[in-house]
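Visitor: I'll drop the sequence and a predicted model, then ask my questions.
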Amino acid sequence: MKFNFPITELESDTFLIQPDSSVIDLSIDEIAEESGYERGMIPDYFRDIIAESIAQCRSISRPVCGYRILSVNKEHSSPESIAIGDIRFNCQKIVKARLNNADQVAIFSCTIGSEMETYASRCFEEGDAVKGHFADVIASAAVEFLTDLLHNHIAESILTQQLNVTNRFSPGYCGWPVSEQKTLFSFFPNDFCGIKVTDSSLMLPKKSTSGIIGIGSSVKREPYTCNRCSQKECTYRMYRASRSGGR
């Protein structure tokens, strides 16, 4: 699926996209698998709740995403960091190794807004923990789905320049300190995508993503090697497993 929505260039090489929430395409089976059920084994009662919550997500979410293309300062980079101008991201060895050949990076952020968070919280407050759980799982999957779309859009937009993209990486994963979330957002205009970063580096709305994608003629996008990361309770790990049928 592609972004068939207007793309606004806020300033040089900084782009904002506001797709309709109908773009969110999730299946009952993948949400069931993320909740611990084997494919096809979830009870019909839960399938109905998931279907209802997916429809709710497509109805009330407010997706926004964007990115900025920046040049890499290779002279100031190191084996564990990548430099943009005179600012370094201390992304650690796993991430840096995948970005080694990047001449540019796309720094991105995505959110589905706070509406599904509010809906899930209301379900819990009303005593419907099952519906609240599935609403929360669906919201997490929805923002990852949106981020997949953005990643693919960036890859397609640079094909005319005969450039490729890497996997995407985010602060808080693969040893990259989550505190660098603030550094990442310092490259965006104020209130970019309507996301704020707290003093503890938490993004608000919570159902948001951010990160970095390498760009260059000698980089490539590869299957995620989650076995190399020590973070087992990772939303992206579970989302990716469900998308690949648990593989």
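Guide: Done, it's in.

Visitor: and residue 112, how close does it get to residue 161?
Guide: Residue 112 sits 30 Å away from residue 161, going by CB to CB, to the nearest Å. Yep, even glycine has a C-beta here, placed from its N, CA and C like the rest.

Visitor: what comes up buried for stretch 60-71?
Guide: For stretch 60-71, a neighbour-count test (16 or more other CB atoms under 10 Å) marks 61-70 as buried.

Visitor: hang on, I meant stretch 144-152
Guide: Those would be 144-151, for stretch 144-152 by 16+ other CB under 10 Å.

Visitor: hmm, residue 120 is touching residue 135, no?
Guide: Yes: applying CB atoms under 8 Å, one finds residue 120 in contact with residue 135, separated by 3.9 Å.

Visitor: so which of those two has more stuff around it?
Guide: residue 135 (27 against 23; other CB atoms under 10 Å).

Visitor: shaky segments in this structure?
Guide: Across the chain, the ranges flagged by pLDDT under 70 are 1, 224-247.

Visitor: I'd like the buried residues of stretch 144-152 laid out as CSV, including distance to residue 169 and secondary structure.
Guide: As requested, these are exported to CSV (distance: CB to CB, whole Å; DSSP: H, G, I helix; E, B strand; the rest coil):
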residue, distance to residue 169, secondary structure
144, 14, helix
145, 18, helix
146, 17, helix
147, 12, helix
148, 14, helix
149, 18, helix
150, 14, helix
151, 11, helix
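
Visitor: in which helix or strand does residue 121 reside?
Guide: helix 115-125 (DSSP states H and E).

Visitor: now do that helix: distance to the chain's middle.
Guide: 21 Å (CA atoms, centre = their mean, to the nearest Å).

Visitor: neighbours of residue 211, how many?
Guide: Using other CB under 10 Å: residue 211 sits among 26 other residues.

Visitor: you'd agree it is in a strand?
Guide: Yes: under DSSP: H, G, I helix; E, B strand; the rest coil, residue 211 falls within a strand.

Visitor: bridging residues for it?
Guide: Residues in a beta bridge with residue 211, per DSSP bridges, are residue 108.

Visitor: so it touches residue 110, yeah?
Guide: No: using CB under 8 Å, residue 211 is not in contact with residue 110; the gap is 9.2 Å.

Visitor: in the protein, which spans are strands?
Guide: Assigned by DSSP state E, the chain shows strands spanning 7-11, 14-17, 64-71, 82-84, 87-89, 104-111, 164-169, 196-197, 203-204, 208-216.

Visitor: how about residue 203, nearest residue that isn't a chain neighbour?
Guide: residue 195 (5.4 Å; CB to CB, 6 or more residues apart in numbering).

Visitor: OK, contacts around that neighbour?
Guide: 109, 111, 185, 203-205, 208, 210 (CB atoms under 8 Å, 6 or more residues apart in numbering).

Visitor: how about a cut-off of 10 Å?
Guide: 64-66, 109-111, 113, 181, 185, 188, 203-205, 208-210 (CB atoms under 10 Å, 6 or more residues apart in numbering).

Visitor: go through stretch 200-220 and flag the buried ones.
Guide: 201, 203, 205, 207-216, 219.

Visitor: swap that for stretch 155-166, please
Guide: Quick answer for stretch 155-166 (16+ other CB under 10 Å): 155, 157-158, 163-166.

Visitor: show me how far it is from its chain's centre.
Guide: 19 Å.

Visitor: can you check stretch 52-62 too?
Guide: With CA atoms, centre = their mean, you get 18 Å for stretch 52-62.

Visitor: may I have it as PDB, with CA atoms only?
Guide: This file holds the C-alpha atoms of stretch 52-62, laid out as PDB (Å, rounded to 0.1, in the frame of the first residue of the first chain):
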ATOM      1  CA  GLU A  52     -14.900  -4.200  16.700                       C
ATOM      2  CA  SER A  53     -11.700  -2.600  18.100                       C
ATOM      3  CA  ILE A  54     -10.000  -2.600  14.600                       C
ATOM      4  CA  ALA A  55     -13.100  -0.800  13.200                       C
ATOM      5  CA  GLN A  56     -12.900   1.700  16.100                       C
ATOM      6  CA  CYS A  57      -9.200   2.300  15.400                       C
ATOM      7  CA  ARG A  58      -9.900   3.100  11.800                       C
ATOM      8  CA  SER A  59     -12.700   5.400  12.800                       C
ATOM      9  CA  ILE A  60     -11.200   7.500  15.500                       C
ATOM     10  CA  SER A  61      -7.400   7.500  15.000                       C
ATOM     11  CA  ARG A  62      -5.700  10.600  13.700                       C
END
